[in-house]
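Trainee: let's see this in three dimensions:
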Amino acid sequence: MATLKHTHGDHHTLATSLPHEPVVDDTIEARRARRRAALEKIAGIWTNRADIPADGLEYQRQLRSEWPA
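Mentor: All right, here's what the predicted structure looks like:
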């Protein structure tokens, strides 16, 4: 369980029961790579669906036509 602790500089740090913090690569390139990988997983998920229009604008119009005026 994590708890908040005071340090000398009056900053709050998170103490965990882990022996050391996991190393996270947070460079711009790493963030872009993670974002691209996530986008590639969802790209084309609506491809070849017959129940919705292929044109995104037409699809928006259909959805909004159901809204009460």
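Trainee: and the helices in this structure?
Mentor: When assigned using DSSP state H, the helices of the chain occupy the ranges 28-42, 56-65.
Trainee: for those helices, which one sits closest to Ala50?
Mentor: helix 56-65 (12.9 Å; CB to CB). The way it works is simple: take the backbone N, C-alpha and C, and place the C-beta from them, glycine included.
Trainee: ok, Arg35 - contacts?
Mentor: Listed by CB atoms under 8 Å, 6 or more residues apart in numbering, the contact set of Arg35 is empty.
Trainee: for Leu39, see how far away Ile45 is.
Mentor: 11 Å (CB to CB, to the nearest Å).
Trainee: no wait, Pro68
Mentor: For Pro68, the distance to Leu39 - CB to CB - is 34 Å.
Trainee: who has more neighbours out of those two?
Mentor: More neighbours surround Leu39 than the other of Pro68 and Leu39, with 9 against 3 (other CB atoms under 10 Å).
Trainee: tally of neighbours for Tyr59?
Mentor: Close neighbours of Tyr59, defined as other CB under 10 Å, add up to 13.
Trainee: pLDDT value on it, please?
Mentor: Tyr59 is assigned 90 on the pLDDT scale.
Trainee: verify the stated contact: it with Ser65.
Mentor: No - using CB atoms under 8 Å, Tyr59 is not in contact with Ser65, being 10.8 Å away.
Trainee: pLDDT weak spots in the protein?
Mentor: 1-19, 21-22 (pLDDT under 70).
Trainee: picking that back up, a markdown table please, covering the helices of the chain and showing distance to His20.
Mentor: What follows is the helices of the chain, written out as a markdown table (distance: least, CB to CB, whole Å):
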| stretch | distance to His20 |
| --- | --- |
| helix 28-42 | 20 |
| helix 56-65 | 47 |
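Trainee: out of those, nearest to Arg49?
Mentor: Here helix 56-65 is closest among these (CB to CB), at 10.0 Å.
Trainee: so what does the closest one touch, helix or strand wise?
Mentor: Packing contacts for helix 56-65, counted by 3 or more CB pairs under 8 Å, 6 or more residues apart in numbering; DSSP states H and E, involve no helix or strand.
Trainee: using CSV, write out every CA atom in that helix.
Mentor: Output of helix 56-65 as CSV, limited to C-alpha atoms (Å, rounded to 0.1, in the frame of the first residue of the first chain):
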residue,chain,number,x,y,z
GLY,A,56,-17.4,10.4,-41.2
LEU,A,57,-19.4,13.6,-41.8
GLU,A,58,-22.5,11.7,-42.9
TYR,A,59,-22.1,9.4,-39.9
GLN,A,60,-22.1,12.5,-37.6
ARG,A,61,-25.2,13.9,-39.3
GLN,A,62,-27.0,10.6,-38.7
LEU,A,63,-26.1,10.6,-35.1
ARG,A,64,-27.0,14.2,-34.5
SER,A,65,-30.4,13.8,-36.4
